[in-house]
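Chemist: I'd like to go over a predicted model; first the sequence, then the structure.
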Amino acid sequence: MADSNSTSVRAAIYARVSTANNGQSPEMQVRDFTEYCERRGWSAAGDYVDVGISGAKEKRPQLDRLMADAHRRRFDVVVVWSFDRMARSVSHLLRALETFNALGIAFVSLREQIDTSTPAGKMVFTVLGAVAELERSLIAERVKAGLRNARAKGKRLGRPRVDADAIRIATLRAGGGSWRTIAQQVGCSARTAQRLSCGKNLLKSAPATRCVSMAS
């Protein structure tokens with residue numbers, strides 16, 4: 001990871017405001033970023049500013065451009081106003097930080113006073129990973145609890161079963177019916193009708209029935 005104390009560090013600035021109305025403007029964020037970078041002797045590598053973009057959206061034009069430029073190694077550190085300006089959730093933030101970490105790019109959040117190039121910042125990165133893992137576990141547990149509740153109420157989960165009469169399929173087929181017509185009559189797909197007609201039980205009940213191509 002880049003040494004954030006080096007005078008040769010190239011800093012990318014990311015700012016976001018949800019709306020351009022109501023007095024919201026990215027200028028305050030950018031001004032604070034510029035002052036911070038000047039104090040540390042960093043050179044500007046570009047401003048990435050999303051205006052009128054909700055924080056609930058994971059995909060944003062300038063954020064996407066920032067991530068693309070990160071892979072091109074066009075800067076050494078990313079500076080944001082706060083975590084919530086950058087990411088929509090802990091897991092989203094962690095994915096971005098993991099990408100930066102893998103590319104050797106530091107991450108600085110001014111409001112939280114986090115710099116991932118420092119020991120304290122690296123510790124926060126580890127904590128965020130644990131929180132994201134907890135978040136995923138809680139979501140998985142809620143899903144499982146919902147499934148258990150549905151089963152307790154007698155709800156059938158998964159794809160509905162096709163209850164087609166194999167003997168009736170064989171009879172209709174022996175009478176010259178096409179697979180499509182048979183499927184419509186028994187209430188299943190043509191493929192299912194053909195599969196059922198080839199079952200072991202069917203072969204015992206109607207030995208004269210043959211499995212032929214669905215094209216017929």
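Modeler: That came in fine, so what should we check first? Residues are numbered from 1 along each chain as shown.
Chemist: quick one, domains of the chain?
Modeler: Following automatic domain parsing, one finds the domains of the chain at 10-133, 159-216.
Chemist: ok, and Thr34, which helix or strand is that part of?
Modeler: Per DSSP states H and E: Thr34 is located in helix 27-40.
Chemist: Pull the number of nearby residues for Thr99.
Modeler: By the measure other C-beta atoms under 10 Å, the count of residues near Thr99 is 14. The way it works is simple: take the backbone N, C-alpha and C, and place the C-beta from them, glycine included.
Chemist: typo on my end, Asp32
Modeler: 16.
Chemist: Please apply the same query to Ser178.
Modeler: 15.
Chemist: related to what we said a few turns ago, need the winner for burial among the domains of the chain.
Modeler: Highest mean neighbour count among these (mean count of other C-beta atoms under 10 Å): domain 10-133, with a mean of 17.
Chemist: before we move on, back to that, next, format the domains of the chain as CSV and append distance to Asn149 and mean pLDDT.
Modeler: Shown next, in CSV, are the domains of the chain (distance: least, C-beta to C-beta, whole Å; pLDDT from 0 to 100):
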stretch, distance to Asn149, mean pLDDT
domain 10-133, 25, 82
domain 159-216, 20, 67
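Chemist: Including distance to Arg148, could those domains go into a markdown table?
Modeler: A markdown table is the format used below for the domains of the chain (distance: least, C-beta to C-beta, whole Å):
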| stretch | distance to Arg148 |
| --- | --- |
| domain 10-133 | 22 |
| domain 159-216 | 19 |
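Chemist: Tell me which of these approaches Lys153 most closely.
Modeler: Lys153 lies closest to domain 159-216 among these, at 16.7 Å (C-beta to C-beta).
Chemist: re earlier: mind checking the domains of the chain for the one nearest to Gly146?
Modeler: For the domains of the chain, proximity to Gly146 was assessed by C-beta to C-beta; domain 159-216 is nearest, at 17.8 Å.
Chemist: The helix holding Thr34 packs against which elements?
Modeler: If you count contacts as 3 or more C-beta pairs under 8 Å, 6 or more residues apart in numbering; DSSP states H and E, helix 27-40 packs onto strand 10-17, strand 43-51, strand 77-80.
Chemist: the inter-axis angle of the first one versus helix 27-40?
Modeler: With axes from the mean of the first three to the mean of the last three C-alpha atoms, to 10 degrees defining the directions, strand 10-17 sits at 160 degrees from helix 27-40.
Chemist: Check which helices and strands strand 10-17 is in contact with.
Modeler: Applying 3+ C-beta pairs under 8 Å, 6+ apart, we find strand 10-17 packed against helix 27-40, strand 43-51, helix 61-71, strand 77-80, helix 83-86.
Chemist: strands paired with it, and their directions?
Modeler: strand 43-51 (parallel), strand 77-80 (parallel) (DSSP bridges).
Chemist: which stretch among those comes nearest Ile169?
Modeler: In terms of C-beta to C-beta, the element of the strands paired with strand 10-17 nearest to Ile169 is strand 43-51, at 58.6 Å.
Chemist: got the angle between the closest one and helix 61-71?
Modeler: 150 degrees.
Chemist: which residues touch strand 43-51?
Modeler: With contacts defined as C-beta atoms under 8 Å, 6 or more residues apart in numbering, strand 43-51 is touched by 8-17, 20, 26, 30, 34, 37, 60-63, 65-66, 69, 74-76.
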